[in-house]
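Novice: Sequence plus predicted model, see below.
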Amino acid sequence: MSDQAAYDVESILLRLKELVEAGRSMPMSASVLVNREEFLELLEESIATLPQELRHSRWLLKEREEFLSQARREADDIIEAGRVRAERMVERTEVVREARRVAQTVVDDAEASARQLRHEAEDYVDQKLAAFEVVLERTLQAVEKGRERLQVVIEPEHEAEPEPEAEPEPEMDELPGSIEVEAELEETFFDQDAR
């Protein structure tokens with residue numbers, strides 16, 4: 001700022017001060033009446049006499065503020081991008097951890113179900129074999145009884161007694177006790193089917 005420009009601005013400001021001091025006071029107020037045209041004229045003159053460096057510095061200050069605002073916005077964008085990226089990485093880690101936990105749970109449940117099914121199948125087969133064993137024992141007993149009834153008892157021959165007339169040999173269906181054997185067998189097999 002040159003000395004002449006500083007002097008001009010200073011003198012204009014002093015004239016403005018005098019104008020305000022010379023103004024008429026408003027009653028019961030700190031306000032004063034000044035000539036508007038004269039005041040505005042002095043202001044315009046002071047603005048016009050401002051040195052170029054001062055205007056340039058004002059422009060630089062404005063540019064600086066805009067530059068700082070833009071730098072803040074870029075910094076905020078970078079911070080936000082970093083935060084989003086960090087959240088995604090954490091989410092991926094959490095997703096992988098959760099997926100592993102769910103997979104392990106599924107495997108554990110499947111193994112438990114397989115064990116339970118195996119035990120149930122073994123119990124079922126054991127029950128069926130036990131029932132079959134009972135049926136076989138009853139059948140074996142019925143067969144043994146039938147064979148005992150079918151065995152022919154040979155009595156010793158007597159010389160004095162005449163031989164009785166031989167009756168015709170009964171057929172298989174007419175053998176004594178055969179009806180009972182058949183009934184027992186039918187009952188045994190009926191019991192097996194009922195189970």
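Specialist: Received, thanks.
Novice: Show me what the strand or helix carrying S57 packs onto, helices and strands only.
Specialist: Using DSSP states H and E, S57 falls within helix 52-150. Secondary-structure packing of helix 52-150 (3 or more Cβ pairs under 8 Å, 6 or more residues apart in numbering; DSSP states H and E): helix 178-194. For every residue, glycine as well, the C-beta is placed using N, CA and C.
Novice: quick one: average confidence on the helix holding S57?
Specialist: Mean pLDDT, helix 52-150: 88.
Novice: My read is that T49 contacts E10, right?
Specialist: No - if you go by Cβ atoms under 8 Å, T49 and E10 don't touch, sitting 9.9 Å apart.
Novice: who has more neighbours, those two?
Specialist: T49 (16 against 12; other Cβ atoms under 10 Å).
Novice: quick one: secondary structure of L50?
Specialist: With DSSP: H, G, I helix; E, B strand; the rest coil as the basis, L50 sits in coil.
Novice: For D8, see how far away it is.
Specialist: Counting by Cβ to Cβ, to the nearest Å, the gap from L50 to D8 is 9 Å.
Novice: Just want to know which of those two has more residues nearby.
Specialist: Neighbours were counted for L50 and for D8 using other Cβ under 10 Å; D8 has more, 17 against 14.
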